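**Q** just coords:
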């Protein structure tokens, strides 16, 4: 964000390597292994490299650009294509799959997990599971876990190195007790530390992505959930100098998530069944908007949080 350079998903722009600063979080930050350095040979290597290109240029790659509904790419959340060791890394992600997901109420594959991001963070359409793009992205993410021990997750589809941090439950009391003062304080943090990269209007600057509005993530995305966004911000921002306090991370996340984000209606992000094929979920109807994201999990009134500024 600003000097923070909040690179949200598009999970984009500047491809920056993020080093984790020492400080209060260092003791709890997991030790993630170094990523694979050598691409596989032959056709597999070509597929891995294609997946990497899609992750880095999701909204412009010919195989995926028509499936993306905003200006984000995967590397906005998964910094440097998921090769950094920060929260959001792809190093180790493939180890967890297949994994049970409470959201879909089914056991999800890695391809399921990646493809579902297109509906939410990308505000677009879910890729067909056996397409070249879907296989390539999964091949790339799997490559970054090569040589590491598999540890399937029966509770949630989360990278094993971060399963205890995502989301960080220590932030919950601050979120639950939030008032308009948190919003105002978050606005100040955004203006002083985020707006130079993401714009005073939140629409992004140059290669840095928008944080709200039609070109950003929708209300079904992980980043639209205050607890998850605050966790990501806490462990990733500012890039190379992660010195925000837990309260800073919560307040600025409340401010950003209280701005306009597109409503999420699951069925609008699925291709026709005849084209898409089987959708691996028992949940076929799901809706979210900014108001429900504050009210349902936290009991917060978005109008009270924003003061006299009212949105849906």
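**A** Thanks, I have the structure now. Bear in mind the structure is a predicted one, so any value in this text is a computation, not a measurement.

**Q** from memory residue 140 sits against residue 45, does it?
**A** No. At 10.7 Å, residue 140 and residue 45 do not qualify as touching, with contact defined as CB atoms under 8 Å. Backbone N, C-alpha and C define where each C-beta goes, glycine included.

**Q** show me what contacts residue 160?
**A** The contact partners of residue 160, by CB atoms under 8 Å, 6 or more residues apart in numbering, come to 92, 95, 96, 151, 153.

**Q** Taking the residues you listed, please make a PyMOL selection of just the buried ones.
**A** In PyMOL syntax, the buried subset of these is picked out as below (16 or more other CB atoms under 10 Å):
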select buried, resi 92+95+96+153
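
**Q** In strands, which of the contacts of residue 160 appear?
**A** Counting by DSSP state E, no part of the contacts of residue 160 is found in strands.

**Q** Pick the one among the contacts of residue 160 closest to residue 33.
**A** For the contacts of residue 160, the residue nearest residue 33 by CB to CB is residue 92; the value is 7.4 Å.

**Q** and the gap between the residue located most distally from the centre of the chain and residue 49?
**A** Going by CA atoms, centre = their mean, the residue of the chain most distant from its centre is residue 42, 31.4 Å out. Going from residue 42 to residue 49 by CB to CB, to the nearest Å gives 12 Å.

**Q** Then residue 62?
**A** If you measure residue 62 against residue 49 using CB to CB, the figure is 15 Å.

**Q** which one of the two has more residues nearby?
**A** More neighbours surround residue 49 than the other of residue 62 and residue 49, with 16 against 9 (other CB atoms under 10 Å).

**Q** isn't that one right up against residue 40?
**A** No. Counting by CB under 8 Å, residue 49 does not reach residue 40; the two are 9.3 Å apart.

**Q** who's in contact with residue 142?
**A** Applying CB under 8 Å, 6+ apart to residue 142 gives the contacts 94, 110.

**Q** rewinding a little: so between residue 140 and residue 45, which is more surrounded?
**A** residue 140 (26 against 14).

**Q** per-residue confidence at that one?
**A** On the pLDDT scale, residue 140 is placed at 98.

**Q** repeat for the one 5 residues further on
**A** pLDDT for residue 145: 96.

**Q** Look up the closest residue to it, ignoring the ones flanking it.
**A** Excluding the flanking residues, the one nearest residue 145 by CB to CB, 6 or more residues apart in numbering is residue 94, at 4.1 Å.

**Q** which stretches of the stretch 51-200 of the chain form strands?
**A** Assigned by DSSP state E, counting those that start in this stretch, the strands in the stretch 51-200 of the chain fall at 99-101, 106-108.

**Q** Name the residues that touch stretch 289-298?
**A** 175-176, 178, 219, 224-227, 257-261, 263-264, 300-302, 305, 311-312.

**Q** what comes up buried for it?
**A** Those buried within stretch 289-298 under the rule 16+ other CB under 10 Å are 289, 290, 291, 293, 294, 298.

**Q** cool, stretch 34-45 as well?
**A** 35, 36.

**Q** ok, the nearest residue to residue 143 once chain neighbours are set aside - contacts?
**A** Counting by CB to CB, 6+ apart, residue 143 lies nearest to residue 48, which is 4.7 Å off, once chain neighbours are set aside. Residue 48 makes contact with 39, 40, 136, 139, 140, 143, according to CB under 8 Å, 6+ apart.

**Q** quick one: what helix or strand has the first one in it?
**A** Here residue 39 is covered by no helix or strand, with elements defined by DSSP states H and E.

**Q** Now it, what are its backbone angles?
**A** Backbone geometry at residue 39, expressed as degrees, to the nearest 10, gives phi -70, psi 150.

**Q** Same check on the second one?
**A** Recorded main-chain torsions at residue 40 are phi -60, psi 160, according to degrees, to the nearest 10.

**Q** what separates it from residue 84, distance-wise?
**A** Taken as CB to CB, the span from residue 40 to residue 84 is 21 Å.

**Q** coming back round to it: touching both of residue 42 and residue 49, which residues are there?
**A** Common contact partners of residue 42 and residue 49 (CB under 8 Å, 6+ apart): none.

**Q** Low-confidence regions, the protein specifically.
**A** 1-29, 240-241, 309-312 (pLDDT under 70).

**Q** Go again with 50.
**A** By pLDDT under 50, the low-scoring segments of the chain are 2-24, 26-27.

**Q** which residues touch the closest residue to residue 137 other than its chain neighbours?
**A** Nearest residue to residue 137 in three dimensions, chain neighbours excluded: residue 51, at 4.6 Å (CB to CB, 6+ apart). Counting by CB under 8 Å, 6+ apart, residue 51 touches 135, 136, 137, 138, 139, 140, 141, 143.
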